[in-house]
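[1] here's a sequence, model it:
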Amino acid sequence: MLHPSYSDLMQVANSEVEPGENKVVNSRYSIVMAIAKRARQIIDGDEPMVYTTIDKPLSIAVEEMNKGEIKIVSDEE
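    As a prediction, the model looks like this:
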């Protein structure tokens, strides 16, 4: 099981949303899609944005999301 939890990742993704605004991430699906897309970028040769001893692209992408290096933007942006 990967840590952190989905709810922790959703809080990180929505951390820059002002009170009263619509959240950028409303579901686990958004988190999964963003992390999968980033993992594919790492597989294709992108450098990780965080230092880690982990060599699995999916785990690296989760760590990047947890540290706030990946930003999920809404459709309007």
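[2] show me the shaky parts of the protein.
    Along the chain, segments meeting pLDDT under 70 span 1-2, 17-18, 20, 24, 74-77.
[3] check which helix or strand covers L9.
    If you go by DSSP states H and E, L9 is part of helix 6-13.
[4] and stretch 33-41, C-alpha only, in CSV?
    Taking Å, rounded to 0.1, in the frame of the first residue of the first chain, the C-alpha atoms of stretch 33-41 are listed here in CSV:
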residue,chain,number,x,y,z
MET,A,33,-5.0,10.3,-13.4
ALA,A,34,-2.5,13.0,-12.4
ILE,A,35,-0.1,10.6,-10.8
ALA,A,36,-0.4,8.1,-13.7
LYS,A,37,0.4,10.9,-16.2
ARG,A,38,3.4,12.0,-14.2
ALA,A,39,4.6,8.4,-13.8
ARG,A,40,4.5,8.0,-17.7
GLN,A,41,6.5,11.2,-18.0
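[5] so which residues make contact with it?
    L9, A13, P57, L58, I60, A61, V62, E64, M65, I70, I72 (Cβ atoms under 8 Å, 6 or more residues apart in numbering). The way it works is simple: take the backbone N, C-alpha and C, and place the C-beta from them, glycine included.
[6] and of those residues, the nearest to E47?
    I60 (10.0 Å; Cβ to Cβ).
[7] and of the contacts of stretch 33-41, the nearest to V50?
    Taking the contacts of stretch 33-41 together and measuring to V50 by Cβ to Cβ, the closest member is E64, at 5.3 Å.
[8] help me confirm that the closest one comes into contact with M49.
    Yes - with contact defined as Cβ atoms under 8 Å, E64 reaches M49; the gap is 5.0 Å.
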